[in-house]
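Task: produce atomic coordinates for the following.
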Amino acid sequence: MPLPNAGKVLIVDDSEPSLDGLGQLLERAQYTVLTATNGADAFEIVKRERPDLVLLDVLMPGISGLEICAALKRNADTRLTPVVLISGDQESGADDFLNKPVDPQELRARLRSLMRLKRLTDDLESAESLFLALGRIIEARDPCTEGHCERLAEYATALGNRLNVDRPGLDALYRGAFLHDIGKIAIPDRVLLKKGRLTRKEYELMKRHPVIGDDLCSTVQSLSS
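Residues are numbered from 1 along each chain as shown. Below is the predicted model of the structure:
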C-alpha cells in the first residue's frame, strides 16, 4: 500500500460518476485527488496545483484527452509530468494507458510505478537546478563575465534551432553552454581575478577549468542527455 500523502493526482473526466469512483479509489490509497470535467479547467489546475500525475479520459467534449495530453507534453514546464490515458489510445505522448472499466488493482500499481518515476525525475531536476545556480555563482565571482553564461546558452540554443536540433538536443546545448565555466570553482581567486598577465603556471592552471567542470557535471545524470 502507498504511504500517506502518496502524491497529487489530477483526474480529468466529463463523467461525474467516473470522477467520483476514481477519486474515492485514489483517496483510499492516500493520494491527494484533484478533479476537472473539461480541458480548460484541467489546464488551469495543472498550472496552479502542479499535480504529480494526470489521469485523463480520452473521449470528452470540447478539448479531448488526447489534445490535453499533447499540450502538456509540448510544454517545457509539464512535459515530465506522467500522463495516463483511460481508453487504450497510446497517442499524444502519454506515459501509460488503461482500458475501461478500470481495474482498481492495475490502476494502483500503475500509479505507484509512475509516482516513483516522477520523484526520481524531480530529484534529477533538483540536482540540475543546483548546478545551474552554481554556474551563476561562479560567474558572479568575475564581474567581467556577468551575463556571459546566459548569453552563451541563448546563442547555443538559437544555433540549435537554426539547425533543427530536437528538444533533448536543445536542452543539452543550453545546459552545456550555461555550465561551460563551472570548473572555475576550483581556480583560486588570485588567478581567476588577477588583473595583470598570467604566468605560465597560472595559465596552465586556468586551462584546467573545462576538465574540472566536466568531472563535476559527469556525476549528474540529468546533464548527460
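
need the helices for this structure, in chain order.
Here the chain has its helices, by DSSP state H, at 16-28, 39-49, 65-74, 104-141, 148-162, 167-178, 189-192, 200-206, 209-217.

Quickly note the distance from the residue most central in space within the chain to residue 202.
Nearest residue to the geometric centre of the chain (CA atoms, centre = their mean): residue 80, 5.0 Å. According to CB to CB, to the nearest Å, residue 80 stands 43 Å off from residue 202. The C-beta positions use only the backbone N, C-alpha and C, and glycine is treated the same way.

same deal with residue 18?
According to CB to CB, residue 18 and residue 202 sit 69 Å apart.

swap in residue 61?
69 Å.

The two: who's more crowded?
Higher neighbour count among residue 61 and residue 202: residue 202, with 16 against 9, using other CB atoms under 10 Å.

How many residues are close by residue 38?
Residues lying near residue 38 (other CB under 10 Å) number 15.

partner residues bridging residue 12?
Counting by DSSP bridges, residue 12 is bridged to residue 36, residue 56.

Surely it is in contact with residue 51?
No - at 10.2 Å, residue 12 and residue 51 do not qualify as touching, with contact defined as CB atoms under 8 Å.

dump the residue contacts of residue 78.
The neighbourhood of residue 78, defined by CB atoms under 8 Å, 6 or more residues apart in numbering, consists of 46, 72.

Phi and psi next, for it.
Reported as degrees, to the nearest 10, the phi and psi values for residue 78 are phi -130, psi 0.

Look up how far residue 24 lies from it.
Counting by CB to CB, the gap from residue 78 to residue 24 is 26 Å.

where does this protein have low pLDDT?
Along the chain, the model assigns pLDDT under 70 to residues 1-5, 88-97, 120-146, 219-225.

Can you spell out the domain ranges of it, please?
According to automatic domain parsing, the chain comprises the domains 7-102, 123-223.

Out of the ones you listed, the one nearest residue 109 is which?
domain 7-102 (10.5 Å; CB to CB).

Any idea how far that closest one is from the middle of the chain?
Taking CA atoms, centre = their mean, to the nearest Å, one finds the center of domain 7-102 at 18 Å from the center of the full chain.

Stretch 157-167 now?
Here the centre of stretch 157-167 is set off from its chain's centre by 19 Å, with CA atoms, centre = their mean.

Residue numbering should commence at 37 henceforth.
With 37 as the first residue, the last one maps to stretch 193-203.

Identify each buried residue in it, please.
193, 196, 201 (16 or more other CB atoms under 10 Å).

CSV for those, including distance to residue 93?
Formatted as CSV, those follow (distance: CB to CB, whole Å):
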residue, distance to residue 93
193, 36
196, 37
201, 35
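
where does residue 114 sit relative to residue 79, distance-wise?
Using CB to CB, residue 114 is found at 9 Å from residue 79.
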